[in-house]
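A.B. asks: Quick one: sequence and predicted model below, then my questions.
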Amino acid sequence: MSSTQTRYARTADGVYLGYQITGNGPIDLVWQPDWPGNIDLEWEFRVVRTCLEAFSSFSRLIRHDHRGVGLSSRDVAIPNLETRVADLLTVLDAVGATRPSLVGWGSSASVHALLASTRPELVSSMVWMDATPRTRRAPDYPWGRTQGDLDAELNDLRLWGTEEYSRVFVEEQSKAGTSVPDEDARAFAKASRNACTPDVAIELAKMWAETDVRDVLPSIPVPTLFLSQPGLGDREQTRDAAARVPGAEYIEIEGSPFSQEVLDALTEAVRRFVGATRPVVDLDTVLATVLFTDIVDSTERMSDLGDRRWKALAERHHSLVREALGRWHGVEVDTAGDGFYATFDGPARAIRCGLEIAERVGDLGVDVRSGVHTGECRVIDGKIGGVAVSIGARIAATAGSAEVRVSQTVKDLVAGSGFVFDHVGEHLLKGVPNRWHLYRVVQG
């Protein structure tokens, strides 16, 4: 095994993130495991150890425990996707990695997908093994788990960290067609209790069950490889994910599950892909979150108040909105007499900004409605535009007084953020194809 250095990076909100660097190759490579673990103990799993040793032989391998688990600060809120992306960027900044390749497995690689689509200039390439962009079954997603499956998992997780849980886990994997090596099965109980406590494992499972990044995949502009291994995941599921990413490669690895032959083929595919020299792509689109706000019944209020009093009210409104944008890292793009258009690097911040605005402007005697959408936006003369922006504006137009409404995409990306949503039905949005499921934020 290559020499491994363990360090800590501190986030802007004071959380410590434990990370390790192994190897000193010319490529910066980030590894993202599928389930909460402990980067110290990953080496005790033969399959994982084999991959990590191979990766670190040709790269500088960067791994970290996300907040709430493993070597990172434990007594903190469960991180949503947006927070995990920000934490990964904190680690990359700490180690001086400017454009790493991202390698992930299962559902946790959704973090990489969100980073690659929102900040593609910071990513060289991405590899997703046995992709699970969504875990819950849906009419248009036959590979997901049923509610019964999820309920059974949550019940099993009450045994998290015990030898009994390890046996249950191995049995469930066997029923699903996945054979866990004996050595890894013995190490699993120890690794799980060194990862987190049962309550955290349960909350993480709930979060992943509500997360869906399929709408993110078409916005990934960086070179992407999807790998399907025997005995892990559903190959059709991985193939479906690959088909959603423009220009993505898809490789099926054949052989006996977890055999050395399969592991060698997997690590060689990763080495070949991340080591390829490619020209830097001139990006003209990016995944972004847009927030639109406007004062309800502004014309009537203007008429009632008169020009002078309306001007004073509008100035106070603008000041409050800009304070909220600054607090939640929003970027003001445009403003009219009664509304704002801003962009955010994550949907949870946009929602919280909208909620704060709705609450604070109430003291002015007016109501503000907001709409939030995340989608692929076109960069035009340095500004964000395109259909996704129009969708955000149309969503805001459907909202009621002091209400924040969001698209299905936004709801699927903010699982674990503490929001509660009410479904307000399917809507036709003016000038936008199809019907759109919209949600009202009722708690946040």
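C.D. replies: Here it is on my side, so go on.

A.B. asks: Run through who's touching stretch 236-255.
C.D. replies: Applying Cβ atoms under 8 Å, 6 or more residues apart in numbering, the contact partners of stretch 236-255 are 128, 130-133, 143, 214, 217-218, 220-221, 223-230, 235, 261-262, 265-266, 269, 273. For every residue, glycine as well, the C-beta is placed using N, CA and C.

A.B. asks: Any idea how many residues pack against the nearest residue to L413 once chain neighbours are set aside?
C.D. replies: Leaving aside its sequence neighbours, L413 sits nearest to P347 (Cβ to Cβ, 6 or more residues apart in numbering; 5.2 Å). Per other Cβ atoms under 10 Å, the neighbour tally for P347 reads 29.

A.B. asks: can you check V389 too?
C.D. replies: 22.

A.B. asks: Just to check, it is in contact with V290?
C.D. replies: Yes - the criterion here is Cβ atoms under 8 Å, and V389 meets it with V290 at 5.4 Å.

A.B. asks: Between the two, which contacts overlap?
C.D. replies: 341, 377.

A.B. asks: Now do the longest strand seen in the chain: which elements does it pack against?
C.D. replies: Of all the segments assigned as strand in the chain under DSSP state E, the longest by residue count is strand 368-380. Packing partners of strand 368-380 (3 or more Cβ pairs under 8 Å, 6 or more residues apart in numbering; DSSP states H and E): strand 285-295, helix 347-360, strand 383-385, helix 387-398, strand 404-407, helix 408-413.

A.B. asks: Helix, strand, or coil at the residue lying farthest from the centre of the chain?
C.D. replies: The centre of the chain is farthest from one residue, G306, which by Cα atoms, centre = their mean lies 46.8 Å away. Put simply, G306 is helix when judged by DSSP: H, G, I helix; E, B strand; the rest coil.

A.B. asks: Then the one 10 residues further on?
C.D. replies: Secondary structure state of R316, per three-state DSSP, is helix.

A.B. asks: Run a quick check on S59 versus V274, I expect a contact.
C.D. replies: Yes - with contact defined as Cβ under 8 Å, S59 reaches V274; the gap is 7.3 Å.

A.B. asks: hey, what's in contact with both of those two?
C.D. replies: 27, 29, 101.

A.B. asks: ok, so of the residues you listed, who is nearest E315?
C.D. replies: Taking Cβ to Cβ as the measure, E315 lies nearest S101 of the shared contacts of S59 and V274, at 48.9 Å.

A.B. asks: what about the nearest residue to the closest one once chain neighbours are set aside, which SS state?
C.D. replies: Spatially, and ignoring its direct neighbours in sequence, S101 is nearest to V274 (3.9 Å; Cβ to Cβ, 6+ apart). Classification of V274 by three-state DSSP places it in helix.

A.B. asks: Just confirm V274 contacts S124, I think it does.
C.D. replies: Yes - when contacts are counted by Cβ under 8 Å, V274 is listed as touching S124 (7.2 Å).

A.B. asks: Show me whatever sits in contact with both of the two.
C.D. replies: S101.

A.B. asks: how about R84, what does it touch?
C.D. replies: Applying Cβ under 8 Å, 6+ apart, the residues near R84 are 66-67, 111.

A.B. asks: let's see it at 7 Å
C.D. replies: 66, 111 (Cβ atoms under 7 Å, 6 or more residues apart in numbering).

A.B. asks: what's the spacing between it and L61?
C.D. replies: Distance from R84 to L61, counting by Cβ to Cβ, to the nearest Å: 19 Å.

A.B. asks: what's the answer for M302, then?
C.D. replies: Taken as Cβ to Cβ, the span from M302 to L61 is 60 Å.

A.B. asks: more neighbours, those two?
C.D. replies: A count of neighbours by other Cβ under 10 Å puts L61 above the other of M302 and L61, at 27 against 18.

A.B. asks: Just the pLDDT at the more buried one, thanks.
C.D. replies: L61 carries a pLDDT score of 97 in this model.

A.B. asks: Wait, it touches T22, no?
C.D. replies: Yes - at 4.5 Å, L61 and T22 qualify as touching, with contact defined as Cβ atoms under 7 Å.

A.B. asks: Give the intersection of the neighbour lists for the two.
C.D. replies: Contacts common to L61 and T22, judged by Cβ under 7 Å, 6+ apart, are L52.

A.B. asks: if we can go back for a sec, can you put the shared contacts of S59 and V274 in a markdown table and add distance to P139, neighbour count and pLDDT?
C.D. replies: Formatted as a markdown table, these follow (distance: Cβ to Cβ, whole Å; neighbours: other Cβ atoms under 10 Å; pLDDT from 0 to 100):
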| residue | distance to P139 | neighbour count | pLDDT |
| --- | --- | --- | --- |
| I27 | 41 | 17 | 95 |
| L29 | 37 | 27 | 98 |
| S101 | 35 | 25 | 97 |
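
A.B. asks: Just these: which are in strands?
C.D. replies: Per DSSP E, these map to strands at 27, 29, 101.

A.B. asks: need the contact list for the residue lying closest to the first one once chain neighbours are set aside.
C.D. replies: Distance criterion Cβ to Cβ, 6+ apart; nearest residue to I27, sequence neighbours excluded, is S59 at 4.1 Å. Taking Cβ under 7 Å, 6+ apart as the contact definition, S59 lies against 23, 25, 27-29.

A.B. asks: so which of these would you say is closest to T50?
C.D. replies: Set against T50, the nearest of the contacts of S59 by Cβ to Cβ is G23 (14.4 Å).

A.B. asks: how many other residues sit next to the closest one?
C.D. replies: With other Cβ under 10 Å as criterion, G23 counts 20.

A.B. asks: got it, and L428?
C.D. replies: Neighbours around L428, by other Cβ under 10 Å: 12.

A.B. asks: what stretches of this structure score poorly on pLDDT?
C.D. replies: Along the chain, the parts satisfying pLDDT under 70 run over 1-2, 172-186, 280-282.

A.B. asks: Break down this structure into its helices, ranges please.
C.D. replies: Under the criterion DSSP state H, the chain contains helices at 46-56, 81-95, 110-118, 147-156, 163-175, 182-193, 198-210, 235-244, 260-275, 298-327, 347-360, 387-398, 408-413.

A.B. asks: which of these is buried the deepest?
C.D. replies: Mean neighbour counts were compared across those using mean count of other Cβ atoms under 10 Å; the top stretch is helix 110-118, at a mean of 26.

A.B. asks: What angle do strand 285-295 and that helix make with each other?
C.D. replies: Helix 110-118 runs at 80 degrees relative to strand 285-295, counting by axes from the mean of the first three to the mean of the last three Cα atoms, to 10 degrees.

A.B. asks: Many thanks, we can stop here.
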